[in-house]
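Colleague: What shape does this take:
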Amino acid sequence: MEGTIVNFRLSRHVQKNNHMIITVKDVSSRDKAKELVDKPVVWKSPAGKEINGKVASAHGNKGNIRVIFEKGMPGQSLATKVEIKV
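Modeller: All right, here's what the predicted structure looks like:
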């Protein structure tokens, strides 16, 4: 399953560099997004390195998910594709 990184997880004063908000292609509701919790996620950098993560929870009511990666994500990861292993 394929998703697109939308943004970092933000609060008023802090940006979490290893928490990302992801839009999944065929998921349009919160209930479908909850089914993806605990699934592994992989992002491949342009240099060929992989950063692994795990779906933590649904985010909002439109089917977005929150993913926690092993380490901080670079800014170039925004608007790129990730692979969700179902």
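
Colleague: alpha carbons only for contacts and neighbour counts from here, please
Modeller: Will do.

Colleague: for the residue located most distally from the centre of the chain, phi and psi?
Modeller: The outermost residue of the chain relative to its centre, with distances by C-alpha atoms, centre = their mean, is H13 at 20.9 Å. Torsion angles at H13 (phi, psi; degrees, to the nearest 10) stand at phi -120, psi -10.

Colleague: per-residue pLDDT, it?
Modeller: pLDDT recorded at H13 is 97.

Colleague: Same question for the one 3 residues further on.
Modeller: Reading off the per-residue confidence, K16 sits at a pLDDT of 94.

Colleague: all numbers from here: first residue = 267
Modeller: New numbering, starting at 267: the last item is K282.

Colleague: name the element it belongs to?
Modeller: strand 281-290 (DSSP states H and E).

Colleague: Using PDB, write out the CA atom coordinates for that strand.
Modeller: Provided in PDB are the C-alpha atoms of strand 281-290 (Å, rounded to 0.1, in the frame of the first residue of the first chain):
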ATOM      1  CA  GLN A 281       8.000  20.100  15.700                       C
ATOM      2  CA  LYS A 282       8.500  16.300  16.200                       C
ATOM      3  CA  ASN A 283      11.100  15.300  13.600                       C
ATOM      4  CA  ASN A 284      10.400  11.600  13.700                       C
ATOM      5  CA  HIS A 285       6.600  11.800  13.700                       C
ATOM      6  CA  MET A 286       5.000  12.200  10.300                       C
ATOM      7  CA  ILE A 287       1.400  12.700   9.000                       C
ATOM      8  CA  ILE A 288       0.800  10.400   6.000                       C
ATOM      9  CA  THR A 289      -2.100  10.300   3.500                       C
ATOM     10  CA  VAL A 290      -2.900   6.800   2.300                       C
END
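
Colleague: residue ranges for the helices of the chain, please.
Modeller: For the chain, applying DSSP state H gives helices covering 296-300.

Colleague: Where does pLDDT dip in it?
Modeller: The chain contains no residues with pLDDT under 70.

Colleague: ok, back up a step: what's the strand holding K282 packed up against?
Modeller: Packing partners of strand 281-290 (3 or more C-alpha pairs under 8 Å, 6 or more residues apart in numbering; DSSP states H and E): strand 268-276, strand 330-335.
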